[in-house]
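**Student:** Okay, predicted coordinates and the sequence, questions at the end:
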Amino acid sequence: EDYIFVASESGSVCHIHYPEMAIEGVYPFVNSVGYTVSAIHPLSENMFWAILNTEGKSEVISVVIWDGKVSIVGRRDLPGSNLQNLLKYGDAYLSLDSSTGSLVLLSGLDDASSTSAVRGKVIGKDIGNQRFLKGLSVVNNIAFIGASSLDAASASQTEVVFVDLFSGKMLGSAPVYTSGKLNSVSATHMNPKSCYEDIAINSDLLIPLAQKGGEDKPYQMMFGTHVDVEPIVRALEQIKADVGDEFGPYTEWEIEGQQTNAFNNMKWYENNAVTKPGVLAIVAIFSSLRSDMVFKFPWWEKYFEPVMRPILDQIFDPILGKGGVYSRFLRAQFAIIQPGTTNINEHWDSPWYSTMGHRVHIPITWNEGVRFDIGSKNLTVQLGVGDIFEVDNSVSHSVVNGGTTDRIHLVLDILDEAVDNYYMLAEGQICDMQDTCDAPAQ
């Protein structure tokens, strides 16, 4: 708690007392020519680990400072040849292998009696795109990693990338403009030990409605949550089979198909023609423009509710309590962007929608050509089928499907407070959502 270690690449350590910042001593602990110290990890006020790199090899040493002397009390080989950072993650440790652009999970490092090589497992590949990786912090199972150009002059290529530690997938990135290589990534506002320990905060809908539009947090991953969407895919296939293709291969998504689902909100179609030309939807739950009436459409009960309940319970029960989400829906709809022909233009959502609820996306189908950009900071959301994220839809956002397959998302609007009642629509009704359309309240 009271000491700071500063290690130089040349193999000396500076021992500093905090908060006076008085130097206790400067000690050489690596004498071998060709070694560089790439990371240190404190274990106690007099002991730390150091990662040493030399050509084609990485090692970890245990260093003790006692009575003005430095001793190496342990030395083990590490997997990889240019490891950077050492961060405790559960019972294991994370490091960055800059030689392969990988995030590596190290196990068995705590076994002080062992002299064998530390075991390593790659959990994120090619995240650096042949760039120099250094700087690591972990918040709720998301790793934030510094990735710099190998050319120090190419500052524009420096980024912080976000990697899901469960799937190993890169979720997104943000540019960092520096005059050289990025050296450290931390979250000290959350935990002063964020450079060498993972951080856990409550998994929640983390964009308070009062803070929407601030640009500081335009999207938020639902940390550690991933769902199986195959039951939803089968429900969509069943709808397609039941509705047929009288109006083309996307009949169930077209106006004519949605009219069999009682949805006839022509104002919605007019708005879409401007901001989302060609984007089609299947509606399960939807509100009036001013969000003062919320309707459940026939396909919600017939096709979606039975298969979606286990998925929604998994996502929202830990946040809203058991079954709490079902009284807070403002919207549940599926949006489809066909490849190469339709996109969502840059836009901001209506204040009635964007300030009333939390906008949550779940990709049902996805391809590598999809680009989802949000906010003024050029953030690109990169994710896969079954990942879950909340967006601040009051800031600018756009989507391009540059792939060869459909992009389908389940889009949810969730209120902080319960809806007074829902209006239940039946097959055969046609509702423009300007009044209750003679639908019974539930």
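**Tutor:** Great, that's in hand. Numbering: from 1, shown residues only.
**Student:** would you list every one of the helices in this protein?
**Tutor:** Listed in chain order, the helices found in the chain under DSSP state H are 230-243, 255-259, 266-275, 298-299, 305-320, 351-354.
**Student:** Tell me which of these sits nearest to Ser137.
**Tutor:** When the helices of the chain are ranked by distance to Ser137, counting by C-beta to C-beta, first place goes to helix 305-320 at 23.8 Å. No exception for glycine: its C-beta is placed from N, CA and C like everyone else's.
**Student:** The closest one vs helix 230-243, what angle?
**Tutor:** Counting by axes from the mean of the first three to the mean of the last three C-alpha atoms, to 10 degrees, helix 305-320 points 150 degrees away from the direction of helix 230-243.
**Student:** Tell me which stretches of the stretch 251-400 of the chain form strands.
**Tutor:** Along the stretch 251-400 of the chain, the stretches classed as strands by DSSP state E, counting those that start in this stretch are 280-287, 294-296, 329-337, 343-347, 357-365, 370-374, 379-381, 387-391, 397-401.
**Student:** Turn the ones you listed into TSV, columns for distance to Leu136 and mean neighbour count.
**Tutor:** Converted to TSV, the strands of the stretch 251-400 of the chain look like this (distance: least, C-beta to C-beta, whole Å; neighbours: other C-beta atoms under 10 Å):
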stretch	distance to Leu136	mean neighbour count
strand 280-287	40	23
strand 294-296	44	22
strand 329-337	35	22
strand 343-347	33	16
strand 357-365	27	22
strand 370-374	25	20
strand 379-381	20	19
strand 387-391	22	22
strand 397-401	29	20
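**Student:** tell me, which of those is the model least confident about?
**Tutor:** Ranked by mean pLDDT, those bottom out at strand 379-381, with a mean of 65.
**Student:** Now render the strands of the stretch 251-400 of the chain as a markdown table, adding distance to Ile408.
**Tutor:** As requested, those are arranged in a markdown table below (distance: least, C-beta to C-beta, whole Å):
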| stretch | distance to Ile408 |
| --- | --- |
| strand 280-287 | 9 |
| strand 294-296 | 21 |
| strand 329-337 | 5 |
| strand 343-347 | 13 |
| strand 357-365 | 4 |
| strand 370-374 | 10 |
| strand 379-381 | 16 |
| strand 387-391 | 14 |
| strand 397-401 | 10 |
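**Student:** right, and those strands - which one's nearest Phe48?
**Tutor:** Nearest of the strands of the stretch 251-400 of the chain (C-beta to C-beta): strand 379-381, 35.4 Å.
**Student:** What count of nearby residues applies to Met266?
**Tutor:** Residue neighbour count, defined by other C-beta atoms under 10 Å, stands at 11 for Met266.
**Student:** Touching, it and Gln434? I think so.
**Tutor:** No. Counting by C-beta atoms under 8 Å, Met266 stays clear of Gln434, with 10.0 Å between them.
**Student:** Quick one: the strands in the stretch 1-150 of the chain, in order.
**Tutor:** 3-7, 12-17, 22-28, 36-44, 47-54, 57-66, 69-78, 83-89, 92-97, 102-107, 119-124, 132-139, 142-148.
**Student:** Can you add mean pLDDT and mean neighbour count and give the ones you listed back as a markdown table?
**Tutor:** Below are those laid out as a markdown table (pLDDT from 0 to 100; neighbours: other C-beta atoms under 10 Å):
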| stretch | mean pLDDT | mean neighbour count |
| --- | --- | --- |
| strand 3-7 | 80 | 16 |
| strand 12-17 | 83 | 17 |
| strand 22-28 | 85 | 12 |
| strand 36-44 | 86 | 18 |
| strand 47-54 | 87 | 20 |
| strand 57-66 | 87 | 18 |
| strand 69-78 | 86 | 14 |
| strand 83-89 | 91 | 23 |
| strand 92-97 | 91 | 25 |
| strand 102-107 | 89 | 21 |
| strand 119-124 | 82 | 18 |
| strand 132-139 | 90 | 24 |
| strand 142-148 | 90 | 24 |
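**Student:** Tabulate those strands (CSV), appending distance to Asp406.
**Tutor:** Formatted as CSV, those follow (distance: least, C-beta to C-beta, whole Å):
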stretch, distance to Asp406
strand 3-7, 52
strand 12-17, 57
strand 22-28, 62
strand 36-44, 45
strand 47-54, 46
strand 57-66, 45
strand 69-78, 44
strand 83-89, 37
strand 92-97, 36
strand 102-107, 31
strand 119-124, 28
strand 132-139, 33
strand 142-148, 28
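**Student:** Where does pLDDT dip in the stretch 151-300 of the chain?
**Tutor:** Confidence mapping of the stretch 151-300 of the chain against pLDDT under 70 gives the ranges 152-156, 200-225, 289-290.
**Student:** try 80
**Tutor:** Counting by pLDDT under 80, the low-confidence segments of the stretch 151-300 of the chain come to 151-157, 166-169, 178-180, 189-190, 200-226, 264-275, 288-292.
**Student:** how much space is there between the closest residue to Ser62 other than its chain neighbours and Val118?
**Tutor:** The spatially closest residue to Ser62, leaving aside those adjacent along the chain, is Gly74, at 3.6 Å (C-beta to C-beta, 6 or more residues apart in numbering). Per C-beta to C-beta, to the nearest Å, Gly74 is found 11 Å from Val118.
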